[in-house]
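S.K.: sequence-free structure coming up:
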């Protein structure tokens, strides 16, 4: 009995692995032409069985691998990195900046947007990017105050600023109104005659500015990603506003109040460049800070000179009654999509907020398996088409919208570090799935949903 069962198991195993059965059961000798055909049919069936097993196992393995990124789409969205803030704080700040718009310098319709974009690019420190190609800048405009801090014995009543090398923008106009010595006047002249101001003034008076077209080569390279768009240098841009107040102080010191007034109005106008032509919320916040610096300088100038326009400058002041930031709880991927779609087409929202919501909307392909597999749905594509008509004014802005929409479908850069081993295992599985199915969204969404917010 035991031997018979062992033999039966061996026969079963041999049949599974395709071993010949003649060694177990005596085979009757066949004669005639049919034997070769039956032997050939048996071999073909054996190979087909092996091929089917391989394909079945491969399909099972691919399904298991794909289940990792697809399963992440069912995360609870209130804890997902995709459920980012509603940007209510930015909305409030930009709307409050509108109070100062009547104080900005008048616009010059003869200034071309691309010309203003080139001028703006010359004012920025050099920035490097592996993904975007910068337009060549013949020479970056010098900031003579940047090479050395202001001597401590100059403007002792004004005090030095911690944010740049010159005097405090909050006190310099009040101090200068009381008089300056020869060395102090020479220092202010150095700031007022710096090479940066012609480009600054031109950009500040432009009705619109092609900030991308004046900075980057268009069309963007295939390796470019909207996630990696180089931002404006926040500190370097604010420094121009601080220095602009000292520039106005120079004209006040020599008795040219009209030019001091014009300088500060152009500072406000320069701030609105970043609000009106923003591509990110960072741009808009830079603009808000510059508008505030210019408006405060104008208030100090009018107060120091007894100008009756002081009331107008004070009325435009930010009252500082911003409501506390309220994040929106997103419970489902559908709610997240609806929220982003609504904000992307809301004409009452600042330009920067609409664009930021579009960028986030493109990432909602990570909220459901269907879009992760097949790409953005019609409502997302329609929102981007509408933005191309309403928000994008220049070729570079339309190119940026295309990047935003296709970011999840573009190959990712190497995995940043540090990451935990479990995270690397998940990322590695998703990368394999992306390669198997030729679908970069699987890898992209996994990094977005599991890793820190960097994509």
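M.R.: All right, it came through fine. Every value quoted in this text rests on a predicted model; they were computed, and no experiment measured them.

S.K.: please, where are all the helices along the stretch 151-300 of the chain?
M.R.: Per DSSP state H, counting those that start in this stretch, the stretch 151-300 of the chain carries helices over the ranges 172-176, 182-192, 197-204, 234-253, 257-276, 281-305.

S.K.: now the stretch 301-450 of the chain
M.R.: For the stretch 301-450 of the chain, helices defined by DSSP H, counting those that start in this stretch occupy the ranges 310-315, 333-344, 351-362, 369-374, 378-390, 395-406, 421-437, 440-450.

S.K.: circling back: the helices of the stretch 151-300 of the chain: which one's closest to residue 141?
M.R.: helix 197-204 (5.9 Å; C-beta to C-beta). Every residue, glycine included, has its C-beta placed from N, CA and C.

S.K.: show me how far the closest one is from its chain's centre.
M.R.: With C-alpha atoms, centre = their mean, to the nearest Å as the basis, helix 197-204 stands 26 Å off its chain's centre.

S.K.: pLDDT (mean, whole number) over that helix?
M.R.: Summarised as a single mean, pLDDT over helix 197-204 is 96.

S.K.: OK, contacts around residue 172?
M.R.: Applying C-beta atoms under 8 Å, 6 or more residues apart in numbering, we find residue 172 in contact with 155, 158, 166, 245-246, 249.

S.K.: with adjacent residues omitted, what lies nearest to residue 178?
M.R.: residue 157 (8.0 Å; C-beta to C-beta, 6 or more residues apart in numbering).

S.K.: same question for residue 107.
M.R.: Ranked by C-beta to C-beta, 6+ apart and with sequence neighbours excluded, the top spatial neighbour of residue 107 is residue 207, at 4.5 Å.

S.K.: the one you found reaches residue 112, doesn't it?
M.R.: No - the criterion here is C-beta atoms under 8 Å, and residue 207 misses it with residue 112 at 9.7 Å.

S.K.: pLDDT score for the most centrally placed residue in the chain?
M.R.: For the chain, residue 227 is the residue whose C-alpha lies nearest the centre (C-alpha atoms, centre = their mean; 4.6 Å). On the pLDDT scale, residue 227 is placed at 83.

S.K.: with residue 343 instead?
M.R.: At residue 343, pLDDT is 86.

S.K.: and if you look at the one 4 residues further on?
M.R.: What the model reports for residue 347 is a pLDDT of 87.

S.K.: from residue 409, how far off is the residue nearest to it when sequence neighbours are not counted?
M.R.: Nearest residue to residue 347, sequence neighbours excluded (C-beta to C-beta, 6+ apart): residue 390, at 8.0 Å. Distance from residue 390 to residue 409, counting by C-beta to C-beta, to the nearest Å: 24 Å.

S.K.: ok so, going back, now render the helices of the stretch 301-450 of the chain as JSON lines, adding distance to residue 213.
M.R.: Formatted as JSON lines, the helices of the stretch 301-450 of the chain follow (distance: least, C-beta to C-beta, whole Å):
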{"stretch": "helix 310-315", "distance to residue 213": "34"}
{"stretch": "helix 333-344", "distance to residue 213": "22"}
{"stretch": "helix 351-362", "distance to residue 213": "16"}
{"stretch": "helix 369-374", "distance to residue 213": "31"}
{"stretch": "helix 378-390", "distance to residue 213": "15"}
{"stretch": "helix 395-406", "distance to residue 213": "4"}
{"stretch": "helix 421-437", "distance to residue 213": "33"}
{"stretch": "helix 440-450", "distance to residue 213": "27"}
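
S.K.: point out where the protein drops to low pLDDT.
M.R.: Per-residue confidence of the chain (counting by pLDDT under 70) places the weak regions at 1-41, 51-52, 54-86, 159-162, 320-333, 413-426, 437, 451-455.

S.K.: domains of it?
M.R.: Using automatic domain parsing, the domain parsing of the chain gives 71-85+327-450, 88-315.

S.K.: next one: the first one to chain centre, how far?
M.R.: With C-alpha atoms, centre = their mean as the basis, the distance from the averaged C-alpha position of domain 71-85+327-450 to the chain average is 12 Å.

S.K.: cool, stretch 282-296 as well?
M.R.: The answer for stretch 282-296 is 20 Å, by C-alpha atoms, centre = their mean.

S.K.: distance of the residue lying closest to residue 146 once chain neighbours are set aside from residue 188?
M.R.: Closest residue to residue 146 apart from its sequence neighbours, by C-beta to C-beta, 6+ apart: residue 165 at 6.4 Å. Residue 165 sits 13 Å away from residue 188, going by C-beta to C-beta.

S.K.: same deal with residue 178?
M.R.: Applying C-beta to C-beta, the value for residue 178 to residue 188 is 14 Å.

S.K.: could you do residue 286 as well?
M.R.: With distances taken as C-beta to C-beta, residue 286 is found 25 Å from residue 188.

S.K.: do residue 392 as well
M.R.: Distance from residue 392 to residue 188, by C-beta to C-beta: 42 Å.
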